[in-house]
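Undergrad: This is a predicted model, with the sequence first.
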Amino acid sequence: SWNLDFRDHLSKTCQVNEKKIIKSINPTALLFKTFKGSDLFEKYLSERDISNYIFLPLNYNWALMDENRRAKRIKTLGYNKNSALSYIHYSEKHLLKTFDFISKLLTEESYTVIIRPHPGISIQAYKEKICKTGFGFLLKNKNLIINNSFSAIEWIHYSKYTISNWSTLIFDSWCAGYPSCYYWPEKIPSFIDAYHTQGPPKIQKVKDLINLKTNDKQNIETEFSVFIDTLIELQYEQPIKRNFNFSFKAKAKLIRSFIRYLMIKLKLESLIDSIIMIDYFDEFKVE
C-alpha cells in the first residue's frame with residue numbers, strides 16, 4: 001500500500017491483516033525511476049521548437065461529459081447522485097478558473113502550455129469547452145497545445161513545471177523530485193481533498209511558481225529500495241485459487257485487449273485510438 005487511504009480500505013473494508021500490508025511507493029515511480037528519455041519525443045519537441053513548457057495533465061472528466069454520459073455513469077457505476085452532482089458542479093467551477101490561469105500563464109510567461117486531456121476525454125471536447133466558456137481566444141495562441149500523444153512520464157520528464165487540478169500524477173511526479181504542484185485558487189471541498197493532495201505544493205497564481213519547492217529525491221530512493229526488496233521477498237503462504245468464470249462482457253473486453261496488443265506488435269498503431277495508445281508502454285528494465 002502506498003497511501004494511508006488505501007491502507008485503511010484494505011484493513012477495514014477488505015479485512016486484510018494489517019501485518020500483511022507493506023508500506024511501499026506507488027509503482028508509477030518505477031517509470032519515473034527508469035525513464036531515460038525518448039528520441040521520438042525529443043524529435044517532436046525539436047520540430048515544433050518547444051523548449052520551455054508547462055505541462056498540465058488535467059482531470060476534469062465529469063465537467064467535460066455531456067448530460068447523457070453523466071447520467072449513464074451515475075447509474076451504471078453506482079455513484080451517489082447528490083455526491084456526483086456536487087463533484088460535477090465544483091469541477092466545472094474549477095475548470096473555468098483553470099482556463100483563466102492558463103490565459104495568465106500565456107500572457108505573463110514565455111512558456112508553451114501543454115494541456116493533456118485525461119484518458120476518455122478527447123482533444124475536441126476540450127476545444128469545444130474552451131469556446132463555450134468564453135475562452136476561445138486561447139485556441140488562437142500558438143503557445144497553447146492540447147495533446148494526448150506520448151506518455152505522461154515523457155511530458156513530465158522534460159517540462160519546466162507540471163501543474164494539475166487534483167490528478168494523482170502530481171503526487172507521483174512530486175515524489176520523484178520533479179517540480180510539480182496543484183493549482184488551487186481556493187479551498188478545495190473535502191470530497192476532493194485526499195491523501196495524494198496533501199504533500200505536493202499548491203499555487204494560486206502564476207507568480208507562485210517562482211518559489212515552488214521540489215521534493216527531496218532521497219525519499220523516493222529509499223522507498224524505491226523498499227518496494228524492490230518487497231517484490232523479491234514476497235511469498236504466498238497458500239496457492240491462490242483463481243476463478244476463470246468470466247462473464248461474456250469480460251471475455252469480450254479481454255479479446256479486444258488481446259487484438260489491440262497484436263496490432264501494436266504488428267506496428268499497426270495507426271489503427272488504434274490515440275486515447276488508448278497513450279497509456280501503453282513496452283517492457284523496461286530496473287537497473
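TA: Okay, I see it.
Undergrad: Run through the strands of the stretch 151-287 of the chain in chain order.
TA: Assignment of strands within the stretch 151-287 of the chain using DSSP state E, counting those that start in this stretch yields the ranges 161-164, 180-183, 202-203.
Undergrad: Show me what the second one packs onto, helices and strands only.
TA: What that stands for is strand 180-183. Helices and strands touching strand 180-183, as assessed by 3 or more Cβ pairs under 8 Å, 6 or more residues apart in numbering; DSSP states H and E, comprise helix 81-108, strand 161-164, helix 168-175, strand 202-203. The C-beta positions use only the backbone N, C-alpha and C, and glycine is treated the same way.
Undergrad: strand partners of it, parallel vs antiparallel please.
TA: Taking DSSP bridges as the criterion, strand 180-183 forms sheet pairs with strand 161-164 (parallel), strand 202-203 (parallel).
Undergrad: Okay, now the unreliable bits of this structure?
TA: Filtered on pLDDT under 70, the chain yields the residue ranges 25-31, 33-34, 217-246, 273-287.
Undergrad: And the residue nearest the centre of the protein?
TA: Within the chain, one residue has its C-alpha closest to the average C-alpha position: by Cα atoms, centre = their mean, that is Leu169, at 4.2 Å.
Undergrad: which ones are touching that residue?
TA: With contact set as Cβ atoms under 8 Å, 6 or more residues apart in numbering, Leu169 has these partners: 28, 57, 152, 156, 162, 180.
Undergrad: re earlier: would you turn the strands paired with strand 180-183 into a markdown table with mean neighbour count?
TA: Rendered in a markdown table, the data for those read as follows (neighbours: other Cβ atoms under 10 Å):
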| stretch | mean neighbour count |
| --- | --- |
| strand 161-164 | 24 |
| strand 202-203 | 16 |
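Undergrad: For the ones you listed, could you give me a markdown table that also reports distance to His118?
TA: Below are these laid out as a markdown table (distance: least, Cβ to Cβ, whole Å):
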| stretch | distance to His118 |
| --- | --- |
| strand 161-164 | 10 |
| strand 202-203 | 20 |
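Undergrad: Out of these, flag the one nearest Lys43.
TA: The closest approach between Lys43 and any of the strands paired with strand 180-183, judged by Cβ to Cβ, belongs to strand 161-164 at 21.3 Å.
Undergrad: hmm, back to that, from Cys175, how far off is the residue nearest to the centre of the chain?
TA: Summarising the geometry, the distance separating Leu169 from Cys175, computed by Cβ to Cβ, to the nearest Å, is 11 Å.
Undergrad: can you check Val206 too?
TA: Going from Val206 to Cys175 by Cβ to Cβ gives 24 Å.
Undergrad: okay, the two: which has more neighbours?
TA: A direct count of neighbours by other Cβ atoms under 10 Å for Val206 and Cys175 places Cys175 higher, at 25 against 18.
Undergrad: Can you list the buried residues in stretch 136-150?
TA: For stretch 136-150, a neighbour-count test (16 or more other Cβ atoms under 10 Å) marks 138, 143-144, 146, 148, 150 as buried.
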